[in-house]
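Chemist: missing the sequence, but the structure's below:
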């Protein structure tokens, strides 16, 4: 081994050690966050904020230390000289960007940010339960203000909201998303109007039958098994707002909220979150403890969760396997429900106040409400105080309904309390990516319908694992999409899918 | 302010900052451990071991760094000169001992230890479920070997097992505990024999009635409320082996294992663990984020848990409030059970294989089985391979029964997997402390019986809070006992209590 190669090897070893340390901090932060969102008692929030603030500062210090900067400099030189290649070079590339983006934010601001969102999350939980927007309001203003400052640090030449979008989905701008919304609206709004005016709505009464929590938990485990997750790789927790988190190779978990009079809400939460979990579990194990571990972006993540929730979970073909579970566990209700009845019921297109329970057709309109409010906040044209009013106006405008309460309105989602601005658009994008995956799967020989009907999703999982999951953070969203689908992202697939599906459902 | 005083203030500030950092690491380690014992999936164990090993090493490095040593040196000088006093001086004293004990163990050994017990715990969970002692056996040998080595670092002039005892209960030696066992055996063994030979056993059939898990969870919350814990300060988790953990001011949690055909097992697990939780929650909030936070020793901790479990929970007087809950939640079974029936049933003295379900009388014999095995392991007179045989012999000798399986024998407890050797004796001591608390409470004007009967335990809680809880780690066990009871520990109270209670129960 020459001197250069030996040096590169030594550098690589040092780098992996640094990555592993940072990974450990990230793991522990996620565990504490998960604990806070699932089981931690209310009065423990301050201590958790203290510990998480401290740990995020340690993480930030380590990532941005002069030693780490020198190491990244040396690594990039070795990559340029061809001394480092393959996976390690990918790690260097991704790590370099992570470090560059961390460097612009001072450690004390990073720590204060972690404390702020930790506190805000605890306040939001109470505010939602008490339908009390006012108590949460100041946090929204502080979070937006902090996001804007951080966005300025990252790129002062850009609109701060565009920086936020780019953080959630590389390359995404509000101009792109505006165009996307225009295109989707042109398809969705006439369809919704047509359905409201002359669509025959299906019977959904059986969906409201009371199913006790323990039984719903059993159904959750049945669904996890049906989707193909190894029980030893996952856990099921209870929480206010459903979420999923990937912790490590062999550990990605699902948290959902069970309503005894709304089984189907839990069913689709579980399927959605299981999609996220499968993505995390499917990342190449060779990326463990490196900066390539985990999902690459929010949009790609949502494209996985919403693929299982909608493309699979709300397809006509999947009604067989799904109904089999429901009939076994709740025979008194589902014994007399036919597959077609279930298909119509879980696809009822009807404006409703809750995003995560919305049908596929009205879903993007919920995203547009949040997107427009976020843009106003970031443009300084509105403050948190205006949000309930804006929410009411936009809900009336897009969905044509009244907001029943702030708890079922602007307090319904957990995202803002966690500092996730610029996140919501990725849900709509995720669905749109899904519509483009399907023809690519078919071209690769996957019979999507037959797979859903069979109850063995292995061919679908395998395609996603090869095209998306395994790559972890080694590829950005645009590259993944282009390689998986053979063409850049195009929203037309999504609009066509919605028009075809809901046109047929409502005989329009 | 003079120069000395200003210096002392600066020192104190630096010290508190260090304490807070260490506290943060400890909090996160406890969160990860709790996560591992309650919800984490099986396949996440390796990653948790990695992260916890790393964090415990960071903690150890910080606690033992040259800077921290210099700081402790300077702080002790300031205390000696009277420049630092009060709570801060207590912190310096306790911290100095923590640091001295940490310094003898190299950081890499500390990290390896954390990884070992983290891995061992995951293996034990599987081994217990599979009744597979062999898979766990090598871990026991490795843990004992590591404990012995660490004990040698701490004090090479002492018997390593005495060092372990001292780590769990300051000042305790095997000579003391042998004498304690002799005294207790002299009371207990003849009583057990007399009961087996001519005691009339009560009807306990109602205890085995099936009570579904959700109902048992409701009862758990009722009990927590009855004991006086604020729901916002606690959480209830499911686990293999019941435990409790204090995390912070306003956050101490209880984990139990529900068996649907053994309600009473969960009832007394909850009451026991709630005793631990109340202790942690009752520590002076001024100790938050300092080394004085938390309970002072295992013996004192067990004296709190077992006080509520037995002195309160299995008293005749407490049957009123307890039965009220059981009647409300399970009327079909407990509607027809009288207080006297319940009292006799929950106090049945009968040799049985499971320690945590043993009655008060045979309980210390379970401890002696474990104590004798631990002493043999530490003396090098036995290895893990011998444990199942030793367990069978000692169970025959002390309890006169056969061991049904390793799962219900030497695999039943979680302690060894967590590295807790020298811990079991503190359970028996805890009960013995309890017997001495009662006359002290009475002398201080607490009517223990009337308090238990009333269902409002405030007077008992208040006594314990003043005498024990609030002091956190600022006083060692012997001092606490002496100040609370007006005399040093004396096992005669315990023997008299057992003789009187079980003599009356069985009309001996």
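Modeler: Received, thanks. Everything numeric in this text was worked out from a predicted model, so none of it was measured.
Chemist: Quick test: name the residue nearest the centre of chain A.
Modeler: residue A:302 (4.3 Å; C-alpha atoms, centre = their mean).
Chemist: the strands in chain A, which residues?
Modeler: With strands called from DSSP state E, chain A shows them at A:236-238, A:243-248, A:251-256.
Chemist: Distance to residue A:193 added to the ones you listed, as a markdown table?
Modeler: From N, CA and C alone the C-beta is placed, and that goes for glycine too. A markdown table is the format used below for the strands of chain A (distance: least, C-beta to C-beta, whole Å):
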| stretch | distance to residue A:193 |
| --- | --- |
| strand A:236-238 | 38 |
| strand A:243-248 | 33 |
| strand A:251-256 | 33 |
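Chemist: what about these, which gets the closest to residue A:335?
Modeler: Proximity to residue A:335 (C-beta to C-beta) singles out strand A:251-256 among the strands of chain A, at 24.8 Å.
Chemist: neighbours around the closest residue to residue A:56 other than its chain neighbours, how many?
Modeler: In space, and not counting its chain neighbours, residue A:56 is closest to residue A:114: 3.9 Å by C-beta to C-beta, 6 or more residues apart in numbering or on different chains. Residues contacting residue A:114 under the criterion other C-beta atoms under 10 Å in any protein chain shown number 23.
Chemist: What is the distance between stretch A:284-304 and the centre of its chain?
Modeler: On the basis of C-alpha atoms, centre = their mean, to the nearest Å, stretch A:284-304 sits 12 Å off its chain's mean C-alpha point.
Chemist: Equivalent analysis for stretch A:272-279, please.
Modeler: Distance, centroid of stretch A:272-279 to centroid of chain: 9 Å (C-alpha atoms, centre = their mean).
Chemist: thinking again about what came up before, you'd agree the residue nearest to the centre of chain A is up against residue A:431?
Modeler: Yes: here residue A:302 lies in contact with residue A:431, judged by C-beta atoms under 8 Å, at a distance of 7.5 Å.
Chemist: quick one on the thing from earlier: could you check how far the residue nearest to the centre of chain A is from residue A:251?
Modeler: Remark: distance between residue A:302 and residue A:251 (C-beta to C-beta, to the nearest Å) = 21 Å.
Chemist: Please apply the same query to residue A:121.
Modeler: Relative to residue A:251, and taking C-beta to C-beta, residue A:121 is found at 22 Å.
Chemist: the more surrounded of those two?
Modeler: Between residue A:121 and residue A:251, residue A:251 has the larger neighbour count (other C-beta under 10 Å), namely 28 against 23.
Chemist: quick one: low-confidence parts of chain A?
Modeler: Applying pLDDT under 70 to chain A flags residues A:1.
Chemist: got a list of what the nearest residue to residue A:222 once chain neighbours are set aside touches?
Modeler: The shortest distance from residue A:222 to any non-neighbouring residue, by C-beta to C-beta, 6+ apart, is to residue A:325 (4.6 Å). Going by C-beta atoms under 8 Å, 6 or more residues apart in numbering or on different chains, residue A:325 touches A:219, A:222, A:223, A:226.
Chemist: Check whether the third one really touches residue A:270, as I assumed.
Modeler: Pointing back at residue A:223 there. Yes: applying C-beta under 8 Å, one finds residue A:223 in contact with residue A:270, separated by 5.0 Å.
Chemist: who has more neighbours, those two?
Modeler: Neighbour tally, residue A:223 and residue A:270, criterion other C-beta under 10 Å: the higher count belongs to residue A:270, 30 against 23.
Chemist: That one and chain B, how far apart?
Modeler: The gap separating residue A:270 from chain B is 16 Å, by C-beta to the nearest C-beta, to the nearest Å.
Chemist: tell me the domain ranges of chain A?
Modeler: A:3-157, A:174-505 (automatic domain parsing).
Chemist: re the thing from before, with respect to chain B, which of the contacts of residue A:325 is nearest?
Modeler: residue A:219 (15.3 Å; C-beta to the nearest C-beta).
Chemist: Can you give me the distance of the closest one to residue B:194?
Modeler: From residue A:219 across to residue B:194, the span is 54 Å (C-beta to C-beta).
Chemist: now do residue A:92
Modeler: Applying C-beta to C-beta to residue A:92 and residue B:194 gives a distance of 77 Å.
Chemist: neighbour-wise, which of these two wins?
Modeler: Between residue A:92 and residue B:194, residue A:92 has the larger neighbour count (other C-beta under 10 Å), namely 22 against 15.
Chemist: Verify the stated contact: that one with residue A:15.
Modeler: Yes: if you go by C-beta under 8 Å, residue A:92 and residue A:15 touch, sitting 7.3 Å apart.
Chemist: which residues do those two both contact?
Modeler: Any residue near both residue A:92 and residue A:15 by C-beta under 8 Å, 6+ apart counts here, and that gives residue A:75.
Chemist: Find the closest residue to chain B in the stretch 351-500 of chain A.
Modeler: For the stretch 351-500 of chain A, C-beta to the nearest C-beta, closest residue to chain B: residue A:472, 15.1 Å.
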